[in-house]
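Enquirer: The following comprises the amino acid sequence and a computationally predicted model.
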Amino acid sequence: MLIVHIITRLIRAGADENTMLTCLQQADDGHDVVLIHGAEYDEHYYEAYRDKIRFVLVEDMVRQVSVRHDAKAAFALYKILADLKPLVVHTHTSKAGVLGRLAARMAGVQAIIHGVHIVPFVNVGRKSKAIYLGLEKSAALFTDAFINVSYGTRNIFLEHGIGKPETHHVVHSGFDLKLYHDAREPADWAEILRCEPEGPRPPVLVMMAALTARKRHVAFLAAFQRLTVLLPDVRLVICGDGEERRGIEGEIERLGIEANVIMLGFRADPERIVAMADLCVLASEREGLPRVIMQYLAGGKPCVVSHLPGVDEVVKDGFNGIVVPSANIDAAVNSILHLLTHRSELELLARGARETDLSNWDAGTMWPKMHTIYRDVLKEVGVTMPDRALAAKGRSIAAST
């Protein structure tokens, strides 16, 4: 069966890794998989997976709103889909979600599915919210199924009249749980933390997030600077890359906290960085339910996170982490300070993290759940999905991603 996925950017971030894992599991199950992406992409995906997946670049599909580029991208997508004639189109992220579903409808695709990785109309201005809502409601008219990464995103979409309850499904964003559970810190941890191996170990915070504006690194750093006055030896390890890197580095220099903040960029071993942490943090303004939170917990590390749609599904305030209002970064830093200076409370949260049931996020369960959704959608349009053994069932290929 030919399945086409469409995503705006193909970078090293949660939605992109989720999409890639889905594509790989479908290819592993014997399906012909095409992944269409926009102008911003990481070539490592091509190098690693071109033997399993066909990649197609649409240069006019860009993240920023542009009437000219968006119109050209929609037409390019329509031409590609009309030529390929896929049985299923599965879109991801906001821009590709709208343009891809429109193009799929124009091309007469029988099954159109949209992956909800983030709620685009939350924590934005009134005008932006109205535009996003209008576009999402319009695209919902020709969407056969929504696959949400959390119950929180599903509920928000339904509360705003986007789709119907029977069209919304939840499939959590999977990863290799064992990889994080069994991880050991890097052998060069002292060098990374800029400290002597035989000396006192500093308190370590880890933030894993793509360096984009909505992750709010800059705002967090301003609050973190006040924490360094009280805990001069604290280290904040930032793992990730993106377009905001220069601005973040400039803010670190401006605040005079170069000794406290370590920018690691992209790491192929994020589980080892989590293993190095005393406490993990995520200060995002907008998300779906970022799987990095589950990765923190899978590594047995408590976390301080801003309130996001669906976060209550896994982070239990006072049990395995602390949830603070999304608009209150000072509250996050105050909670971090309290935990780092009250180690018994931190250890109780760490115990809660180790005891958290994350089985719904195991990578091996993703495609079997989606397979059922695909099958039911195709059945509604009178098409029988090819009956293939679920090769992905019962095992995880997340380590290869």
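Expert: Cool, got the structure. Numbers count the residues shown, from 1 in each chain.
Enquirer: Can you read off the pLDDT for the closest residue to Val206 other than its chain neighbours?
Expert: Nearest residue to Val206, sequence neighbours excluded (CB to CB, 6 or more residues apart in numbering): Ala277, at 3.9 Å. Where C-beta positions appear, they are placed from N, C-alpha and C, glycine not excepted. Note on Ala277: pLDDT of 97.
Enquirer: what's near enough to touch Ala277?
Expert: Residues counted as contacts of Ala277 (CB atoms under 8 Å, 6 or more residues apart in numbering) are 204-206, 237, 296, 299, 301.
Enquirer: what would these look like in JSON lines with pLDDT and distance to Trp189?
Expert: Compiled in JSON lines, the contacts of Ala277 are given as follows (pLDDT from 0 to 100; distance: CB to CB, whole Å):
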{"residue": "Val204", "pLDDT": "97", "distance to Trp189": "9"}
{"residue": "Leu205", "pLDDT": "97", "distance to Trp189": "14"}
{"residue": "Val206", "pLDDT": "98", "distance to Trp189": "12"}
{"residue": "Val237", "pLDDT": "98", "distance to Trp189": "10"}
{"residue": "Tyr296", "pLDDT": "97", "distance to Trp189": "17"}
{"residue": "Gly299", "pLDDT": "97", "distance to Trp189": "14"}
{"residue": "Lys301", "pLDDT": "97", "distance to Trp189": "15"}
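Enquirer: Looking at these, state which has the most neighbours.
Expert: Tyr296 (31 neighbours; other CB atoms under 10 Å).
Enquirer: That one should be in a strand, yeah?
Expert: No - according to DSSP: H, G, I helix; E, B strand; the rest coil, Tyr296 belongs to no strand; its state is helix.
Enquirer: show me where the stretch 301-401 of the chain has strands.
Expert: Taking DSSP state E, counting those that start in this stretch as the test, the strands found in the stretch 301-401 of the chain are 303-306, 321-324.
Enquirer: If you count residues, where's the longest helix of this protein?
Expert: helix 67-84 (DSSP state H).
Enquirer: mean confidence score for that one?
Expert: 96.
Enquirer: need the next SSE after it, C-terminal direction.
Expert: The helix or strand immediately downstream of helix 67-84 is strand 88-92, counting by DSSP states H and E.
Enquirer: Quick check: Asp35 vs Tyr180, distance?
Expert: You called it Asp, but residue 35 is Leu. 26 Å (CB to CB, to the nearest Å).
Enquirer: that older thread, tell me the most buried of the strands of the stretch 301-401 of the chain?
Expert: Of all the strands of the stretch 301-401 of the chain, strand 303-306 has the most neighbours on average by mean count of other CB atoms under 10 Å, namely a mean of 26.
Enquirer: Summarise which helices and strands that strand is packed against.
Expert: strand 279-282, helix 291-298, strand 321-324, helix 329-340 (3 or more CB pairs under 8 Å, 6 or more residues apart in numbering; DSSP states H and E).
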